[in-house]
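>>> Got a sequence here, can you build the structure:
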Amino acid sequence: MKGYSPSVLRTYSRALLESLGDDEVEVTLKSLRLFGVLMHTPEFKEVINNPVVPLKMKSEILSMVLEMSGSKTDKMLNFMGILLEKGRLSILEGLWRSFESLAYNRAKISKAVMVSAYEVDDQTIEEIKDVLKKLLSRPVELESTIDNSLLAGARIYVEDKILDLSAKGQLEKISKLLISEER
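I've put the predicted structure just below:
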C-alpha cells in the first residue's frame, strides 16, 4: 500500500463526513471499518490494487461490500467512485481511523483506548469511562485491548494524552530518574 499522509486521510475523511447527516455517520463508519479489514486480506487487496482489473469490476465489488454493510447510499457510491477514479482505493486501509476521529469530534465525544496487561471487566471499564468523562467534560467511547508486555496495570490514550499506569511504564520512569540522578 502506498503510505498516505495523515493530512490526505483527513482531507478525504472530512469531505465524506461533511457530506453526511448525523444519522448517516455510524453506518458509514461501520462500512469504512469493514473496508479497512478487507484491505488487510491479501485477495481483496490484490484485486483492488491490481491495475489490470477493470475499473467497472472494482466498482461492482465496492458496491457489493457497501450492500453487505448496509451502507449502499448514493453518497457512499459517489465517494468510492472518486477514490476509484483518483486511483486511491488503497487509502481505505486506514481511512476509517481518520473518519472515526473526525466523527467523534463532531459529536463531541472523546475516543479513548485502554491497553491493559490483563482483561478488564465491564464494571471497571464503565468506572474508567465515568472518570474520563468527568476529566474531559464530554462523553467518552473506550476501547480496550490487552498487551501482556505491560506486566500489570494499563495505559490510557485519550485525545493527545497518555496516562501510563502500567508497571512497565512506572519502572521506565524510575529507571530514567535514576539515570538522570547519576549524571
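>>> can you tell me the helix or strand for the residue most central in space within the chain?
Centroid-nearest residue in the chain: Arg97, 2.7 Å away (criterion: Cα atoms, centre = their mean). Using DSSP states H and E, Arg97 maps to helix 92-106.
>>> Okay, buried residues for the helix or strand following that helix please.
The first helix or strand that comes after helix 92-106 along the chain, using DSSP H and E, is strand 110-116. By 16 or more other Cβ atoms under 10 Å, the buried positions in strand 110-116 come out as 110-112, 114-116. Heads up, the C-betas are built off the backbone N, CA and C, glycines and all.
>>> where do the strands sit along this protein?
Using DSSP state E, the strands of the chain run over 110-116, 140-146, 154-158, 161-164.
>>> distance of Ser98 from Glu172?
As judged by Cβ to Cβ, to the nearest Å, Ser98 and Glu172 stand 30 Å apart.
>>> which of these two has more neighbours?
More neighbours surround Ser98 than the other of Ser98 and Glu172, with 23 against 12 (other Cβ atoms under 10 Å).
>>> which residues sit in contact with that one?
Contacts for Ser98 were tallied using Cβ atoms under 8 Å, 6 or more residues apart in numbering; they are 6, 9-10, 12-13.
>>> And the helices in this protein?
Applying DSSP state H to the chain gives helices spanning 6-19, 22-38, 42-49, 55-69, 74-85, 92-106, 122-136, 167-182.
>>> Out of those, flag the one nearest Asp147.
With Cβ to Cβ as the criterion, Asp147 lies closest to helix 167-182 of the helices of the chain, at 9.0 Å.
>>> what angle do the closest one and strand 154-158 make?
Between helix 167-182 and strand 154-158, the angle comes out at 90 degrees (axes from the mean of the first three to the mean of the last three Cα atoms, to 10 degrees).
>>> Which positions in helix 167-182 come out as buried?
By neighbour count with 16+ other Cβ under 10 Å, helix 167-182 contains the buried residues 168-169.
>>> Residues touching that helix, excluding its own?
Residues outside helix 167-182 that contact it (Cβ under 8 Å, 6+ apart) are 117, 149-153, 155, 164.
>>> Since that was my last question, I'll sign off now.
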